[in-house]
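**Q** Could you work out the structure for the sequence below:
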Amino acid sequence: MSQQFSELLLNWFDEHGRKDLPWQLDPTPYRVWLSEIMLQQTQVKTVIPYYQKFTQHFPNIEKLAQASLDQVLHLWTGLGYYARARNLHKTAIIISQQCNGIFPDTLEQMSQLPGIGRSTAGAILSLGMGQNTSILDGNCKRVYCRYAVIDGVPTNTQVQKKLWDLAEQLTPPKNTAKFNQAIMDLGATICLRSNPKCEQCPIVPICLARQNHTTHLYPEKKKSKRLPKKSAFFLILRNHNQEIMLEKRPPSGIWGGLWCFPQFENSDEMYGWLEEKTIQYSLVKTWPEQVHTFSHYKLFYQPVEIKIIQPPLKIAESNDNLWYKSGQSLQLGIATPIKNILKQLSF
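**A** Predicted coordinates for the structure are as follows:
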């Protein structure tokens, strides 16, 4: 059955598979790694322009390792899930400094690098190095769950084990890279989460979910929880030079390493901070409340625009804050809501 599966899939890929994506044209370990990280929880059409810009600035791992985190986050701005970019930078430095710029060639070593799990490691080794390693991204999980009617939520540990066992059983010893690209393509273009195109699927003859008319039941969905809500105030602090203060977020957590407005949980905390800094100010504008949705909560934030009447003694430009002027070119990572507010400000 495993041979039939791979033959059907590879024949389909020869005729219908995607073969001209930017990272497929020169599949080095570096380019494959970069694409795999960017494609996590992100669609191909969204990733392509980011990938192209990224590889223009950082054509190899040495260039990426030499860059500052601000430069990396600047090019990543808008792609979301910024921990991916921070881990990308960490891994580049490790490979550059500890591995002479060469990626590890074993699954165990590759999986120990920041941001690289078992599936990503398998993709780099197979697509970038020609090794016989399996992969199991979200698209693959969906195909395998339907093909073998595997019950349970794919993120469950026991279900994950079943899926990995199946992936390793079905992955052929030859044409592994082609097979892995094909299974990802099948999930991304045919075996869709909603309204799968079963009539175009090459494995329909051996797909158990299709035979049982239960395709819609697989993979089992995780019970959705109502996202909790958090509130915040963004302080838009304008000085006498019509510059806006930005401060750098801590290196980890939400928007880690990005530049944002000073943020406070409530208005008392915000006005207390202004008092502590002995800032004399006038209120310019209280903006309407806005919302930004993260994967695990919703942030309701209210920008408050304030003008400094007299320059304070306790605020100066440092490594953790700066004064931004309209039109100024900043090679920094700026959180999307902040970027949007900056565009709306009148200087």
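**Q** Show me the domain layout of this protein.
**A** The chain breaks down into these domains under automatic domain parsing: 2-217, 229-344.
**Q** out of these, deepest packed?
**A** Mean neighbours per residue, mean count of other CB atoms under 10 Å, is largest over the domains of the chain for domain 2-217, with a mean of 17. Yep, even glycine has a C-beta here, placed from its N, CA and C like the rest.
**Q** State the distance spanning the first to the last residue of that domain.
**A** End-to-end distance of domain 2-217 (CA to CA, to the nearest Å): 23 Å.
**Q** now stretch 78-85
**A** 12 Å.
**Q** what's that stretch in contact with?
**A** 37-38, 40-42, 46-47, 50, 72-73, 76, 115, 252, 255-258, 295, 333, 336, 339 (CB atoms under 8 Å, 6 or more residues apart in numbering).
**Q** Would you convert the domains of the chain into a markdown table that also reports distance to Lys223 and mean pLDDT?
**A** Compiled in a markdown table, the domains of the chain are given as follows (distance: least, CB to CB, whole Å; pLDDT from 0 to 100):
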| stretch | distance to Lys223 | mean pLDDT |
| --- | --- | --- |
| domain 2-217 | 9 | 96 |
| domain 229-344 | 15 | 88 |
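**Q** related to what we said a few turns ago, so which of the contacts of stretch 78-85 are in helices?
**A** The helices, defined by DSSP state H, take in Ile37, Met38, Thr46, Val47, Tyr50, Val72, Leu73, Trp76, Thr336, Lys339 from the contacts of stretch 78-85.
**Q** which one of the residues you listed is nearest Ser134?
**A** Of all those, Ser134 sits closest to Ile37, with 18.6 Å by CB to CB.
**Q** Confirm that His292 sits in a helix.
**A** No - the assignment for His292 is strand, going by DSSP: H, G, I helix; E, B strand; the rest coil, so no helix is present there.
**Q** hey, what's it bridged with?
**A** Per DSSP bridges, the residues bridged to His292 are Leu299.
**Q** all numbers from here: first residue = 544
**A** From this message on, residue numbering opens at 544, which makes the last subject His835.
**Q** ok, it - contacts?
**A** Lys841, Leu842, Tyr844, Thr879, Pro880.
**Q** now do Gln674
**A** Contacts of Gln674 by CB under 8 Å, 6+ apart are Asp648, Leu668, Thr719.
**Q** Am I right that it sits in a helix?
**A** No - when classified by three-state DSSP, Gln674 is found to be coil rather than part of a helix.
**Q** Is Asp549 in a helix, a strand, or coil?
**A** Not Asp; residue 549 is Ser. Ser549 ends up helix, using three-state DSSP.
**Q** Surely it touches Phe722?
**A** Yes - the pair Ser549 / Phe722 is scored as a contact, 5.8 Å apart, by CB atoms under 8 Å.
**Q** Now do the shared contacts for the two.
**A** In contact with both Ser549 and Phe722: Thr714, Pro715, using CB under 8 Å, 6+ apart.
**Q** how close does the nearest residue to Ala610 once chain neighbours are set aside sit to Ala691?
**A** Excluding the flanking residues, the one nearest Ala610 by CB to CB, 6 or more residues apart in numbering is Phe601, at 6.2 Å. From Phe601 across to Ala691, the span is 40 Å (CB to CB, to the nearest Å).
**Q** Ile851 looks like it's in a strand, true?
**A** Yes - applying three-state DSSP, one finds Ile851 inside a strand.
**Q** Now render the contacts of His835 as a markdown table, adding distance to Glu818.
**A** Formatted as a markdown table, those follow (distance: CB to CB, whole Å):
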| residue | distance to Glu818 |
| --- | --- |
| Lys841 | 30 |
| Leu842 | 25 |
| Tyr844 | 22 |
| Thr879 | 31 |
| Pro880 | 26 |
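**Q** which one among the residues you listed gets closest to Trp707?
**A** Lys841 (33.9 Å).
**Q** contact partners of stretch 647-662?
**A** 576, 580, 626-627, 630-631, 633-634, 637-638, 646, 664-665, 667-668, 672, 674, 676, 678-680, 683, 707.
**Q** what about it, distance to the chain center?
**A** From the chain centre to the centre of stretch 647-662 is a distance of 18 Å (CA atoms, centre = their mean, to the nearest Å).
**Q** now do the same end-to-end measure for that stretch.
**A** End-to-end for stretch 647-662, by CA to CA: 15 Å.
**Q** Same check on stretch 817-831?
**A** 21 Å.
**Q** now Pro794: how far from Leu612?
**A** Taking CB to CB, one finds Pro794 at 8 Å from Leu612.
**Q** can you list residues touching both of the two?
**A** Joint contacts of Pro794 and Leu612 (CB under 8 Å, 6+ apart) are Arg629, Gly800.
**Q** all helices for this structure, in order.
**A** According to DSSP H, the helices that the chain contains are 545-559, 572-582, 587-600, 604-609, 612-619, 626-641, 650-654, 661-666, 681-690, 700-713, 719-732, 751-754, 810-819, 879-887.
**Q** what residues are up against the residue nearest to Gln614 when sequence neighbours are not counted?
**A** Spatial nearest neighbour of Gln614, excluding adjacent residues (CB to CB, 6+ apart): Gln874 at 5.4 Å. With contact taken as CB under 8 Å, 6+ apart, Gln874 is in contact with Asp613, Gln614, His617.
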